[in-house]
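Student: heads up, no residue letters with this:
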């Protein structure tokens, strides 16, 4: 029996053998609808053909209402912008520095410095991102929460911002009118508002906080890395007994005549400057 | 005291509410993409304001940053949106659905081909479903569809951000470096200078220097302008 043709998770034992005519028929129906709405149907046959064939071959999955509610609760939690950022940051710190460290296209030093910069950016971006987004979530929670009747303000700040409470809350008649699209979830609504507010705030805080803190972290970490490497290479602290000091001159690549004219900076020198500071390759560490 | 809402605000609130009910996956996807974009803008601003970089370094770093942002955002959207759409269709066509909806539709329905909300509507119009049951089923179907799409967007975003993008980014950086070095070499070659050695990557030249290789024949390449009397290369 062909495993792919059997619906395993469904209680019924009917075989879901792909009928190409049925697939084409379904696409044609959809295309006719798109054409009726004035939409372009270019590529629809290919996309839907692939998608429908794949769908038809995958197993049917039936879940209980309780499981559906649990999935919904989990999504509601994930939709909060600070939680989303935390999840992204946690996965990023677990994967990205190691990928940069294992980059075989650059030498070991560049790879290590690149990994340090990536890790610094992830840590700085995640910490700042979570802080700002959670503050934005609090603000949007206040803006979308309806005013409780006769509740006195708890402090002077709340008294000052009281008129703003609930100004973004949708009226009940709107919620009732939109019931056909699905149940209204205030937490999701609040997450959406806070995502927008957070983006606007981070347009300002990214250059003001994120970039300087990332640079500070990476400078400290790169310095520590270089010091540690020097110590490992030369445990005696740099004084090698009974050996004359070796004068090292950097190899001259592509010497340019300097007499009479000011030498222009070679692009190779630019690369060396850039990469020696660990700036060039992979300095990004995820979203902020 | 009830707040007065102007018609324009009411329209905005209605749109936002509808969007929050139907498209939380879009909020996640476009919110993340906007985050990437703002982060890249901030880094460009940081480079522009940083006096420790020379003009030449900045010339190199601006396009690299822009290229980086375009590849990151493009990959993120390119992976996340199709994955999300497919997950949406998985629920939409009833391949993944609740037990109540499956029992309402029965086994004769072609799961995986047609949207189940239309099938439920047909059943409701035919009188096979009561209005309350129909509305409850449609509501739970929409809820599940939204949740699965959000989960798919989250999962695909994690894969795109943390596994695919770093690999592509590292390769793009090296490729960009090589292209710039090659262009520099070409420009110098035109002026008649010796071909420059490209920046060493992994202790090897990133771009093969433009030096003609000797032929294997003892006499060397008869057409080479570099040919000397012994058949070797004169460089």
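Tutor: Alright, I've got the coordinates. These numbers were taken from a predicted model, which means no experiment stands behind them.
Student: From residue A:142, how far out is residue A:157?
Tutor: With distances taken as CB to CB, to the nearest Å, residue A:157 is found 11 Å from residue A:142. The way it works is simple: take the backbone N, C-alpha and C, and place the C-beta from them, glycine included.
Student: typed the wrong thing, it's residue B:188
Tutor: 63 Å.
Student: Same check on residue B:183?
Tutor: From residue B:183 to residue A:142 the distance is 55 Å (CB to CB).
Student: Mind checking which of the two has more residues around it?
Tutor: Neighbour totals were compared for residue B:183 and residue A:142, and residue A:142 leads with 17 against 12 (other CB atoms under 10 Å in any protein chain shown).
Student: The more buried one is in what secondary structure piece?
Tutor: helix A:108-144 (DSSP states H and E).
Student: ok, now residue B:41?
Tutor: Going by DSSP H and E, residue B:41 is part of helix B:24-49.
Student: From the contact counts, what lies against whichever helix or strand comes after that helix?
Tutor: For helix B:24-49, the following helix or strand on the C-terminal side (DSSP H and E) is helix B:55-92. Contacts defined by 3 or more CB pairs under 8 Å, 6 or more residues apart in numbering or on different chains; DSSP states H and E place helix B:55-92 against helix A:44-57, helix A:267-276, helix B:24-49, helix B:131-159, helix B:165-191.
Student: can you pull the buried residues of helix B:55-92?
Tutor: By 16 or more other CB atoms under 10 Å in any protein chain shown, the buried positions in helix B:55-92 come out as B:56-57, B:60-61, B:64-65, B:68-69, B:71-73, B:75-77, B:79-81, B:83-92.
Student: Next, count neighbours for the nearest residue to residue A:101 once chain neighbours are set aside.
Tutor: Leaving aside its chain neighbours, residue A:101 sits nearest to residue A:115 (4.2 Å; criterion: CB to CB, 6 or more residues apart in numbering or on different chains). Per other CB under 10 Å, the neighbour tally for residue A:115 reads 23.
Student: Do I have it right that residue A:115 meets residue A:98?
Tutor: Yes: with contact defined as CB atoms under 8 Å, residue A:115 counts as touching residue A:98 (7.4 Å).
Student: so how far is residue A:184 from residue A:209?
Tutor: Distance from residue A:209 to residue A:184, by CB to CB: 35 Å.
Student: low-scoring stretches of chain B, by residue?
Tutor: Residue ranges of chain B with pLDDT under 70: B:1-5, B:191-235.
Student: Show me the residue at the heart of it, geometrically.
Tutor: The structure's chain B has its C-alpha centroid closest to residue B:75; by CA atoms, centre = their mean the separation is 1.6 Å.
Student: Excluding chain neighbours, give the residue nearest to it in space.
Tutor: residue B:165 (5.3 Å).
Student: what's the burial count for that neighbour?
Tutor: 28.
Student: give me every residue that touches it.
Tutor: Residue B:165 sits next to B:71, B:72, B:75, B:76 when contact means CB atoms under 8 Å, 6 or more residues apart in numbering or on different chains.
Student: can you redo those residues as TSV with distance to residue A:168?
Tutor: Below are the contacts of residue B:165 laid out as TSV (distance: CB to CB, whole Å):
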residue	distance to residue A:168
B:71	36
B:72	32
B:75	34
B:76	28
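Student: With respect to chain A, which of the residues you listed is nearest?
Tutor: Closest approach to chain A among those (CB to the nearest CB): residue B:72, at 6.6 Å.
Student: Quick check: that closest one touching residue B:36?
Tutor: Yes: assessed by CB under 8 Å, residue B:72 is found in contact with residue B:36 at 5.6 Å.
Student: what's the helix holding residue A:142 packed up against?
Tutor: For helix A:108-144, the packing partners by 3+ CB pairs under 8 Å, 6+ apart are helix A:81-101, helix A:186-205, helix A:211-233.
Student: Report the inter-axis angle for that helix versus helix A:186-205.
Tutor: 130 degrees (axes from the mean of the first three to the mean of the last three CA atoms, to 10 degrees).
Student: What residues sit buried inside helix A:108-144?
Tutor: A:110-130, A:132-134, A:136-137, A:139-140, A:142-144.
Student: Using the three-state scheme, assign residue A:62.
Tutor: strand (DSSP: H, G, I helix; E, B strand; the rest coil).
Student: List the beta-bridge partners for it.
Tutor: residue B:97 (DSSP bridges).
Student: Give me the below-cutoff pLDDT ranges for chain A.
Tutor: A:1-49, A:148-149, A:235-288.
Student: Check the gap between residue B:184 and residue B:178 for me.
Tutor: Relative to residue B:178, residue B:184 is positioned 11 Å away (CB to CB).
Student: now swap in residue B:168 and tell me
Tutor: Using CB to CB, residue B:168 is found at 15 Å from residue B:178.
Student: before we move on, back to that, can you redo the helices and strands packed on helix A:108-144 as JSON lines with mean neighbour count?
Tutor: As requested, these are exported to JSON lines (neighbours: other CB atoms under 10 Å in any protein chain shown):
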{"stretch": "helix A:81-101", "mean neighbour count": "20"}
{"stretch": "helix A:186-205", "mean neighbour count": "21"}
{"stretch": "helix A:211-233", "mean neighbour count": "15"}
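Student: Thanks a lot, catch you later.
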